[in-house]
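Asker: how would this look folded up:
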Amino acid sequence: MTLFGVSTERSTELLSTLNKLIDNWENEVVEFKEANNNFKIDKIGQYFSAISNEANLKSLQYGWLVFGIRNKDKSIVGSDYRDSNGLDSLKQEISDGTTGGISFIDIYEVYVNAEKGKKRVIMFQIPAAAAGIPTGWKDHYYGRNGESLGALSIEELDRIRGTEKRDWSRQIISEATIDHLDKNAILLARQKYIEKMNRPHIAEEINNMSNEEFLTKTKLLIDGKITNAAMLLLGNEYFDYLFNSVPEASWRLYDSKKDVKDYEIFKIPFITLSDRIFEKIRNLTYRYMPNQLTLFPTETHQYDMWLLRELMNNCIAHSDYSIGGRIYLNEFEDEIVLTNPGSFLPGSIEVALQKNYNPPFYRNQLLAESMVKFNMIDTQSMGIRRVFRIQKEKYFPLPDYDFSYRQQVNVTVYGRIINENYTRVLFNNQDMDLETVYLIDRVQKNKRINRDAAKYLKKMGFVEGKYPNLFVSAKIADSIDEKAQYVKNKAFDDEYYRQLIINYLKKFNSATKDDIRQLIITKLPDVLSASQKENKIRNILYGMKQKGLIEKEGTNNKNSKWILPKQK
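Answerer: This next block holds a predicted model:
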């Protein structure tokens, strides 16, 4: 058989997978359907639920639904399912009906040489149910008994719900030893650790350690055994087969017609991934006029390398390696798109951009901690905000985050201006807060903002048009009223809100969450929506608790009150 319709880099892998599915895959986690012309979306959803749950029960990362193969004899018959309408919308249609909005890891449309010519085969890759959370379709949980589709049994539901979330990066690779690691990568890790710690006595201590002692100190070795994090960051690429699913990254260069012009696959060790992959990028000089009064053009590189490094290392730290898939850096003529498998933990980019944002947890805790020690990522969780600020200071469009695929994060970095008025507004208002820039950026990209935000931007003279059809205006807000409104809408420093809460508690000894809400909600910027204001209050309280400024009295969350810490 020969596969067509996919890139050369994927054809061999897909062909091998398809052969395994046909020859010897377990029945409960793969289903073959002819699906000649049509197949009901409800039925696809039921199979999605069943295969996802069965994959979890068998400790597999995913299962498969395959169209274009007869189930009885596994012969290739081909499928015309959505041949004319396309498959692009199917991920969202499934996501709308599943638990937690999960969807296919990916959908592969391939053409196979069969007895009667090329046949179209569609391979749907379905993720295993998350630990502790069975996958449902329209609030019903499905499973399989052999090849029969039916309700998931109570015993199977309990088994899935009883599983715990595990840190993938901390898990042990039983067959691996320190000899499977790359010595140069370990040496680099030592150097980066010493640079990060920046203490002479620590440098002396690390230099006197053996590799085993150093890796044990950094917890990459646990009880003398190699962790996934150690193998990912420091492993020798010749031994990457020791992973259950091999971590890889890919650089792809596209021409003006968006056809792949060149590509390269990158293996472990990932501690050097950013340096290796960035050697491929064309970072050209870009010239532009940020203001009509400027006599000479501004010159800058298309991309800030710190920005790209931060985003690439975020891909490494936050990828969901348990579901497989690659990290991609796709380079187009004037933009770069980075992609990694896994959902976006903050939930939305607006949350991640908040000044006091703290992540609820890390998907790969040990890996993230190690990357902090090796000076690869920021421990303060402010990297995304700095990425946005860099683009703002260049007067470039802000990065775009795309979460339309629930098990994949895409971020686009622009290497050019897309709207001159946007650039002029930023140039003429260089002290503008990032939240306002974010709103104007959405307008220039024809993305919807709420009515309150639109009123604010129109009042400031930054946008024009009738809601929701807005466009960026280059008008400079210079009247006294407009400047006053800008100050009113610009957020106070978080320290202001913290001090309000502390003064209230000093006077009244305790406060419910509603008391604090009434205290500060009217002082929050008008540009925030109601839900954004509630999130702001919640994050302020959480941040104060983390810093030990306040604490909760009582164990009942519903009736508990906030108080100042007792003096010891």
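
Asker: all strands for the stretch 251-400 of the chain, in order.
Answerer: 260-266, 285-288, 298-301, 327-331, 335-341, 400-402 (DSSP state E, counting those that start in this stretch).

Asker: Tell me where the longest strand sits in the chain.
Answerer: In the chain, taking DSSP state E as the definition, the longest strand is strand 117-127.

Asker: For the helix or strand following it, name the packing helices and strands.
Answerer: Using DSSP states H and E, the helix or strand that follows strand 117-127 in sequence is strand 136-137. Judged by 3 or more Cβ pairs under 8 Å, 6 or more residues apart in numbering; DSSP states H and E, strand 136-137 is in contact with helix 41-57. Heads up, the C-betas are built off the backbone N, CA and C, glycines and all.

Asker: For the helix it packs on, which outside residues touch it?
Answerer: Residues outside helix 41-57 that contact it (Cβ atoms under 8 Å, 6 or more residues apart in numbering) are 28-31, 61-65, 90, 93-94, 97-98, 102, 104, 124, 126-131, 134-138, 140-144, 149, 152, 156, 159-160, 163.

Asker: just stretch 314-322 next, same as before
Answerer: The contact list for stretch 314-322 (Cβ under 8 Å, 6+ apart) reads 61, 128, 168-169, 228, 232, 243, 245, 247, 249, 270, 273, 325, 327, 338-343, 345, 362-364, 367-368, 371, 376-377, 383-384, 407, 409.

Asker: Show me what residue 253 is bridged to.
Answerer: Beta-bridge partners for residue 253, by DSSP bridges, are residue 262, residue 331.

Asker: picking up where we left off before, report the buried members of the contacts of stretch 314-322.
Answerer: 61, 128, 168-169, 228, 232, 243, 247, 249, 270, 273, 325, 327, 338-343, 362-364, 367-368, 371, 376-377, 383-384, 407, 409 (16 or more other Cβ atoms under 10 Å).

Asker: Not counting its neighbours along the chain, what's nearest residue 506?
Answerer: Nearest non-adjacent residue to residue 506, counting by Cβ to Cβ, 6 or more residues apart in numbering: residue 564, 6.9 Å away.

Asker: and that neighbour, what does it touch?
Answerer: Counting by Cβ under 8 Å, 6+ apart, residue 564 has contacts 502, 505, 506, 549, 550, 551.

Asker: Which two among these are spaced furthest apart?
Answerer: By the measure Cβ to Cβ, 506 and 551 form the most distant pair in these, at 14.4 Å.

Asker: quick one on the thing from earlier: any chance of a PyMOL selection covering the buried ones in the contacts of helix 41-57?
Answerer: Applied in PyMOL, the following selects the buried portion of those according to 16+ other Cβ under 10 Å:
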select buried, resi 28+29+30+31+61+62+63+64+65+90+94+97+98+102+104+124+126+127+128+129+130+134+135+136+137+141+142+143+144+152+156+160+163
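
Asker: Where does pLDDT dip in the stretch 1-150 of the chain?
Answerer: 1-13, 24-26, 84-85 (pLDDT under 70).

Asker: Likewise for the stretch 251-400 of the chain?
Answerer: Ranges of the stretch 251-400 of the chain meeting pLDDT under 70: 292-296, 345-347, 355-362, 378-382.
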